[in-house]
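Novice: predicted model and sequence follow; I will ask about them next.
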Amino acid sequence: LSLLDGGSVPLLARIVATKIEYHVQSKAVGTILLKVAACEIVASMFGIVRDDASGIAGGRLYTAIDDSGGGGYGGRQRQDLTTGCISLLQSTSVHMQRYGGGDI
């Protein structure tokens, strides 16, 4: 609950939505690592919620995620945090396979 009270969901949503600059390798690697870490934090939050017997944490987490997925910039709709994490992991793995020259 402290993570939710500290405003972690909007911050994580912003990290996940950040563009990756692939033309600068060191910047791209750092951004990808940050985004993957953000996805791991989100997964951990869902794991904690799953084990919460009272159900209070789940309601608050889902409300925070719904609130962070509001309108986008320039008329574009932003995706919610969970969809962003899934899309990020999928697109990053495709880019790593294409430009990294190796298997994941």
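Specialist: Yep, that arrived. Residues are numbered from 1 along each chain as shown.

Novice: so after the helix-or-strand element of the chain with minimal mean pLDDT, what's the next helix or strand?
Specialist: Within the chain, no helix or strand scores below helix 2-5, which has a mean of 70 by mean pLDDT, DSSP states H and E. Reading on from helix 2-5 to the C-terminus, the next helix or strand found by DSSP states H and E is helix 8-17.

Novice: and whatever helix or strand comes next after that following helix, what's its mean pLDDT?
Specialist: As assigned by DSSP H and E, the chain's next helix or strand after helix 8-17 is helix 25-50. Mean pLDDT, helix 25-50: 87.

Novice: helices and strands around helix 25-50, which ones?
Specialist: When contacts are defined as 3 or more C-beta pairs under 8 Å, 6 or more residues apart in numbering; DSSP states H and E, helix 25-50 packs onto helix 8-17, helix 56-68, helix 81-100. For glycine as for every other residue, the C-beta is placed from the backbone atoms N, C-alpha and C.

Novice: now that helix: buried residues?
Specialist: The neighbour-count check on helix 25-50 (16 or more other C-beta atoms under 10 Å) flags 28, 31-32, 35, 38-39, 41-42, 45, 49 as buried.

Novice: redo those residues as TSV? Include distance to residue 7.
Specialist: What follows is these, written out as TSV (distance: C-beta to C-beta, whole Å):
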residue	distance to residue 7
28	27
31	21
32	24
35	18
38	14
39	18
41	13
42	14
45	13
49	17
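
Novice: just name the most buried of the helices and strands packed on helix 25-50.
Specialist: helix 8-17 (a mean of 19; mean count of other C-beta atoms under 10 Å).

Novice: hey, what's the angle from that one to helix 81-100? Just curious.
Specialist: Using axes from the mean of the first three to the mean of the last three C-alpha atoms, to 10 degrees, the inter-axis angle of helix 8-17 relative to helix 81-100 is 30 degrees.

Novice: good, we can wrap up now.
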